[in-house]
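Asks: Please work out how this folds:
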Amino acid sequence: MSIRTKQVLKLLAKVSVTGILLAWVFSQVDFSQFWQTVSAANWPCLVGVWLSTAAFFWLQCLAMQLILSKQECRVGVNTLFGVSSITSLYSLVLPGILSTGVKWYILKRLTGKGSNVLSSMLYNQVTLSVVMTVIGLAALIVTNPAKTGVPGEQRTWIVPVVSGLLLVAITAVSVLLLDPRTGATVTKVLAALLRWLPGGLWNKGQTMLTQIAAFQTAGFRFHAVIAAINAVNSLCVGLLIYFFAARAAHIDVSVGVLMWLCAVIFLLSKLPISIANLGVREVTLVGLLAGYGVGRAEALLMSMILFSSLIFMAAIGLVYWLAWAGQAKKASPPGNDLAA
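Replies: Numbers count the residues shown, from 1 in each chain. Next up is the predicted model:
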């Protein structure tokens with residue numbers, strides 16, 4: 001089977017998963033009630049969602065600039081913001097790794113250092129994912145969603161205990177992996193554990209470990225700064241996105257619940273199983289918010305508002321694309337990339 005055929009089959013599989021998940025969600029919602037929910041929505045909060053999303057992207061670009069600088073790749077925050085926005089634009093038509101490949105290609109052309117860009121992108125995503133996971137687990141410990149069940153039918157201690165153990169384990173592995181004295185050993189151990197995965201996942205895992213190893217000599221201060229930026233971005237700006245989206249749909253749940261929902265949906269978005277995380281986000285919100293007495297119509301509206309933030313960033317990406325393409329004759333590097 002050719003590589004192109006495999007890519008087409010993977011795309012069809014993702015489209016199918018997206019369609020199945022969306023069909024299930026829509027089958028669970030009373031549309032007369034849904035349109036009432038839409039008409040009663042607090043639409044000014046939509047602006048808050050969009051602006052918070054732009055701020056989240058900008059802070060991510062700030063962290064990415066510091067990471068690239070460590071790899072001797074000089075790219076401005078504004079340029080990185082434009083590239084990230086364009087990636088959002090491509091993500092609407094190219095699933096997962098393909099849209100990310102667009103970002104890598106542009107940055108490679110800008111810096112001339114494809115390997116350094118790849119390791120920087122992987123480090124950035126892994127760091128943000130770890131920070132999101134830690135925040136999500138901490139929120140689960142505090143909110144303990146098992147308490148929302150009927151008393152006596154659940155062991156309410158399971159969620160906080162398991163979350164606490166995972167939090168300690170993930171934090172310890174991350175610290176040891178990035179420490180120059182223990183990094184090589186931890187890398188070998190993780191590589192050995194990855195051998196139990198299927199071939200494709202094993203190869204991707206090996207690539208990730210190899211690229212992350214480039215940052216094992218970066219020093220504690222560097223890792224702490226990147227983690228701090230990601231933590232502030234997630235706890236403040238990322239939480240604002242979900243707060244405004246929930247308020248727009250008149251959903252009243254605690255900040256802690258929004259915090260772990262944000263982490264769960266972010267981590268699920270990294271799984272290459274659907275297009276632009278469509279279907280996955282909707283099923284997750286409709287299913288998990290039901291435990292807090294939130295109606296399916298309200299949960300579906302919240303998910304659609306969150307999806308609109310991707311459309312908003314894609315629109316910004318289109319503006320950057322047109323602006324850079326218009327500068328191609330002036331020998332602008334981004335313009336040359338996009339016009340090529």
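
Asks: got the contact list for the spatially most central residue of the chain?
Replies: By Cα atoms, centre = their mean, the chain has its centre lying nearest to residue 266, at 4.2 Å. Listed by Cβ atoms under 8 Å, 6 or more residues apart in numbering, the contact set of residue 266 reads 129, 132, 238. (Each C-beta comes from the backbone N, C-alpha and C, glycine too.)

Asks: how about stretch 249-264: buried residues?
Replies: 249-251, 253, 256-264 (16 or more other Cβ atoms under 10 Å).

Asks: same deal with stretch 16-23?
Replies: 17, 18, 21, 22.

Asks: And those, which is closest to residue 197?
Replies: Set against residue 197, the nearest of the buried residues of stretch 16-23 by Cβ to Cβ is residue 17 (20.2 Å).

Asks: check which helix or strand covers that closest one.
Replies: Assessed by DSSP states H and E, residue 17 sits inside helix 3-27.

Asks: ok now that helix, how far from the chain's centre?
Replies: Remark: helix 3-27 is offset 20 Å from the chain centroid, using Cα atoms, centre = their mean, to the nearest Å.

Asks: Please apply the same query to stretch 169-186.
Replies: With Cα atoms, centre = their mean, you get 23 Å for stretch 169-186.

Asks: top of the contacts of residue 266 by neighbour count?
Replies: residue 238 (28 neighbours; other Cβ atoms under 10 Å).

Asks: Could you look up the SS state of it?
Replies: helix (DSSP: H, G, I helix; E, B strand; the rest coil).

Asks: which ones are touching it?
Replies: Per Cβ under 8 Å, 6+ apart, neighbours of residue 238: 52, 56, 132, 262, 266.

Asks: Can you add secondary structure, pLDDT and distance to residue 202 and give the residues you listed back as CSV?
Replies: Output for these, formatted as CSV (DSSP: H, G, I helix; E, B strand; the rest coil; pLDDT from 0 to 100; distance: Cβ to Cβ, whole Å):
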residue, secondary structure, pLDDT, distance to residue 202
52, helix, 97, 37
56, helix, 96, 32
132, helix, 95, 24
262, helix, 94, 30
266, helix, 92, 24
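
Asks: that older thread, go through the buried residues of stretch 249-264 and name the one nearest residue 114.
Replies: Looking across those and measuring by Cβ to Cβ, the closest to residue 114 is residue 263, at 31.0 Å.

Asks: what separates the closest one from residue 45, distance-wise?
Replies: Computed as Cβ to Cβ, to the nearest Å, the residue 263 to residue 45 distance reads 21 Å.

Asks: circling back to that earlier point, between the buried residues of stretch 16-23, which is closest to residue 79?
Replies: residue 18 (31.5 Å).

Asks: doesn't residue 143 make contact with residue 291?
Replies: No. Under the criterion of Cβ atoms under 8 Å, residue 291 makes no contact with residue 143, lying 11.0 Å away.

Asks: Which one of these two is surrounded by more residues?
Replies: It is residue 143, of residue 291 and residue 143, that has more neighbours when counted by other Cβ under 10 Å, with 21 against 14.

Asks: Sketch out the low-pLDDT regions of the stretch 201-340 of the chain for me.
Replies: Residue ranges of the stretch 201-340 of the chain with pLDDT under 70: 201, 328-340.
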